[in-house]
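A.B. asks: coords please:
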Amino acid sequence: MLKSPHHAIDLSFMRLKTKAERGGGVDHWNVVTAGPYSEPSNYTQDYDTGRHVAEEFLKYIGKHPTNGNATLLGCITVDMIKKQVPKGLVLGFMSAVNDYAMTVARIVAGTTASSSQPSPSMSQAVQAWRDADTRFSNEVTLDVRSDHDELWQAKEAAETAMLKEPCRSLDDIRAKAEIALRDENVFDSIANCTIGSEHALRVFLRSLLGEEPEPVDSGGK
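C.D. replies: Numbering: from 1, shown residues only. Take a look at the predicted model:
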C-alpha cells in the first residue's frame, strides 16, 4: 500500500485508479467542471478552481522536490489532453503555474529587479543588522584605539539573527543572497564560522528553505 508522501494520496485532485481501469495507475487530473460554459459563471468558477489546484500542486512539489515529482506537470498535462479538460480549468491551472515560472525566471535571469519587497520580519532583521554594522563601523572610524567590544557583539548578534531568519518568499531569499554575495564579512561568517555548534552555512541554507531556527535549550545548546 502506498504511503504519504505520494502525490496520488496527498493531492486532492489526483487519485489511484482501480485495477479495472486499465491495470491501475494514477489519475493525475480528477477535477469536476462547474458545468457548461453557456452559463458564464461556470467558466469563472472553473478558472478559479484551476488556479487553486495549481497552488496546491506548487506547494506540494516545493515541499517534496523529488525526481518523481519533477515529472508531475507533464503527467497532469497528458491527462488533461486525454480527458479534453474544459478550457477554464486548463487556463486557470496554467496561469498560476506560469506566474510562478516567470517569478523564478526573473531571478535566474538576474536582469529585472523584483517589484515586491521582502517580508516584514526579513526587512526588520536586515535593517537591524545594517544599523548595528553602521554603528560599529562609525565608532571604529572615530576611535581606532578602542576595541568596541559592546558594539562588535551587537553587530555579531544582529548578523546571526539575520542569517537565521527564515525566508517566507522568493524576495526574502533574494535579499539574503544579495547580502551574502556583496558583504565580505557576512560571506566570511557563512563560509568559516559556526552558530552555536553548527556550521553557519547549514544555518543559512536552512533559512533559505524557510525552516525556523532550532530552539536553544536552557543549557545554551
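A.B. asks: secondary structure class for residue 31?
C.D. replies: With DSSP: H, G, I helix; E, B strand; the rest coil as the basis, residue 31 sits in coil.
A.B. asks: The closest residue to it other than its chain neighbours: helix or strand, and which one exactly?
C.D. replies: Computed as CB to CB, 6 or more residues apart in numbering, the closest residue to residue 31 that is not its neighbour in sequence is residue 13, at 5.0 Å. (Glycine included, C-beta is placed from N, CA and C.) For residue 13, there is no enclosing helix or strand under DSSP states H and E.
A.B. asks: Isn't residue 13 up against residue 56?
C.D. replies: Yes: applying CB atoms under 8 Å, one finds residue 13 in contact with residue 56, separated by 7.1 Å.
A.B. asks: what's the burial count for residue 171?
C.D. replies: Residue 171 has 19 neighbours, counted by other CB atoms under 10 Å.
A.B. asks: which phi and psi does residue 194 have?
C.D. replies: Per-residue torsions, residue 194: phi -120, psi 150 (degrees, to the nearest 10).
A.B. asks: Quick check: pLDDT value at it.
C.D. replies: For residue 194, the pLDDT comes out at 93.
A.B. asks: still on that earlier bit, so if I had to pick from residue 13 and residue 56, which one is more boxed in?
C.D. replies: Counted by other CB under 10 Å, residue 13 and residue 56 do not tie: residue 13 has more neighbours, with 21 against 14.
A.B. asks: Enumerate every residue touching that one.
C.D. replies: Contact criterion CB atoms under 8 Å, 6 or more residues apart in numbering gives 29, 30, 31, 53, 56, 57 as the residues in contact with residue 13.
A.B. asks: This protein: helices as residue ranges?
C.D. replies: 7-10, 40-63, 72-83, 87-109, 120-142, 149-164, 170-182, 184-192, 200-208 (DSSP state H).
A.B. asks: Quick check: which ranges of the protein have low pLDDT?
C.D. replies: In the predicted model of the chain, residues 1-4, 23, 107, 110-115, 140-148, 214-221 satisfy pLDDT under 70.
A.B. asks: Tell me which residues touch the closest residue in space to residue 25 that isn't next to it in sequence, please.
C.D. replies: Distances taken as CB to CB, 6+ apart put residue 17 closest to residue 25, at 5.0 Å, once the chain neighbours are dropped. Under the criterion of CB under 8 Å, 6+ apart, the contact list for residue 17 reads 24, 25, 26, 27.
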